[in-house]
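In: Give me a 3D structure for the following:
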Amino acid sequence: MEIILLQDIAKLGQKDDLVNVKDGYGRNYLIPKGYAIAATPSAKKMHAENLKQRAHKEEKIKAEAEELATRMEGLKLVIGAKTSSSGKIFGSVNTIQIAEALREKGFEIDRKSITIPEDQIKEIGNYSAVVRLHREVKINIEFEIVAE
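Out: Alright, predicted model coming up:
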């Protein structure tokens, strides 16, 4: 089944993408929840016209994301965590804490656009995270976990 996404869905696609999914997933989940619409010929035509009108706005948004990426270049975050004497963290460091550290530096980044390559961070040390500022603009942020 071919559908047009109305919003970003992790591991499926970005807003306004035309994707193929299994019939049940599209008909029973994506369309009823309002995440997508069926890609009928008329919907495809309307979608193409909307994309054409939105292209200029997208260029501006992408330019702003690239400018933000250049300002964030070389940024090093320090995140404090409660640790044991052996350096193990009580709990783990997640994207919420990275988003808060970025907010303290003056960058308003949604935690959902931050990805930590490791499953969980449970020890003191240096790590990196990927911040997706735009569909085509991603930046690596280095951060250090220190004991509080």
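
In: Would you tell me what the next helix or strand after the biggest helix by length in the chain is?
Out: When the chain is parsed with DSSP state H, its longest helix is helix 41-72. Going down the chain from helix 41-72, the next helix or strand is strand 76-81, by DSSP states H and E.

In: could you give the angle of the longest strand anywhere in the chain to helix 41-72?
Out: Counting by DSSP state E, the longest strand found in the chain is strand 138-147. Relative orientation of strand 138-147 and helix 41-72, computed by axes from the mean of the first three to the mean of the last three C-alpha atoms, to 10 degrees: 50 degrees.

In: Give me the sheet partners of strand 138-147 and which way each runs.
Out: If you go by DSSP bridges, strand 138-147 pairs up with strand 76-81 (parallel), strand 125-132 (antiparallel).

In: could those strands go into TSV alongside mean neighbour count, distance to D17 and mean pLDDT?
Out: (Each C-beta comes from the backbone N, C-alpha and C, glycine too.) As requested, these are arranged in TSV below (neighbours: other C-beta atoms under 10 Å; distance: least, C-beta to C-beta, whole Å; pLDDT from 0 to 100):
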stretch	mean neighbour count	distance to D17	mean pLDDT
strand 76-81	14	32	89
strand 125-132	16	15	90
